[in-house]
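Trainee: here's a sequence, model it:
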Amino acid sequence: MTYIQRMNSSAQPHFFDGQIATLVEAWSTTINDISSLAKALDDDQWAAQSPCPGWTVGDIVAHVVAVERQLAGDTLAVHEPDWSALPHVREDEFSRFMEVGVDARRGSSRADGIAELAEVIPRRTDQLQGIGADPDALVAGPAGSQVPLGRIMRMRVFDLWIHDQDIRDAINHPGHDAASGAHVSAEILVSTLPMLWGKKVGAQPGQSLNLHITGAISFECTVAIGDDGRANFVDAGADPTTTISTDWLTYVALGAGRVTYDEVQERVTISGDRGLALRTLELANIAP
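Mentor: This next block holds a predicted model:
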């Protein structure tokens, strides 16, 4: 499989070859890493709070199981959580849907969670190995939706790799930070920069954001607003409006909503327009 890190400053950096086979390999590597981690946990680690709001390590495994079983075609049990006891859940339909499979498994044993994950992985592996290579082909997505294959595979790899890092953070066992799932996640995070800078931050024509990331995955890129009001990747200018520099895992934590800038400010360097930089960091979360 091919993982690339193109450092062309005049275009969006790319971190993998975009092929379905590459995404399937990244899915497999990441979910099997989660399974291996889960099998090695003790009861205290299973119950440890993760960086994912409201979820323990066991809840994360339950989430992975619930989503992969649904995508495998299983009919899931009907369950209605006590939403008043789950203040971390957002009011939107998607967030509530994702919580159902987790809440239904709260109280189940660690052994049951590990066994359920081990059972669904080979079935999903067989399914994905025969899924085809057309990224635009419509396939079953969460909550019965129909989603292009390329999109759902990117979503699944991103979700799994972020949760892999959640588990590792919770049990203080860092690693897998430059694996195939990390490269797919970098592609997703970077691809949202024009929308972040142009739509969410509301930067004005002529204003540019330079992002400098170091660590296991390192890159530098610049996004600027053109005269037409659109944000695009551009050649790095001599004097960007603002520059944000941080390490790869801090960038991931900000982009996945696991931390706020105030919690990691000692690991982030800002130069240029500080107000625009702080707004960028405040709005960086792309995770549902």
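
Trainee: secondary structure element holding the nearest residue to Pro135 once chain neighbours are set aside?
Mentor: Among residues not flanking Pro135 along the chain, Gly150 sits closest, at 2.9 Å (C-beta to C-beta, 6 or more residues apart in numbering). (Each C-beta comes from the backbone N, C-alpha and C, glycine too.) Element membership for Gly150, per DSSP states H and E: helix 149-170.

Trainee: packing partners for that helix?
Mentor: Applying 3 or more C-beta pairs under 8 Å, 6 or more residues apart in numbering; DSSP states H and E, we find helix 149-170 packed against helix 20-39, helix 57-71, strand 138-140, helix 180-191, helix 248-255.

Trainee: so which bits of it are buried?
Mentor: The neighbour-count check on helix 149-170 (16 or more other C-beta atoms under 10 Å) flags 149-150, 152-170 as buried.

Trainee: confirm for me that Ile244 is in contact with Leu211.
Mentor: Yes: judged on C-beta atoms under 8 Å, Ile244 makes contact with Leu211 at a distance of 5.6 Å.

Trainee: so for those two, which residues contact both of them?
Mentor: Residues touching both Ile244 and Leu211 (C-beta atoms under 8 Å, 6 or more residues apart in numbering): none.

Trainee: just to revisit the earlier point, what's the residue nearest to Pro135 in contact with, if anything?
Mentor: With contacts defined as C-beta under 8 Å, 6+ apart, Gly150 is in contact with Gly18, Ile20, Leu23, Pro135, Asp136.

Trainee: wait, which of those is closest to Gly175?
Mentor: Leu23 (21.2 Å; C-beta to C-beta).

Trainee: that closest one: what's it in contact with?
Mentor: Neighbouring residues of Leu23 by C-beta under 8 Å, 6+ apart: Phe16, Gly150, Met153, Arg154, Val157, Val184.
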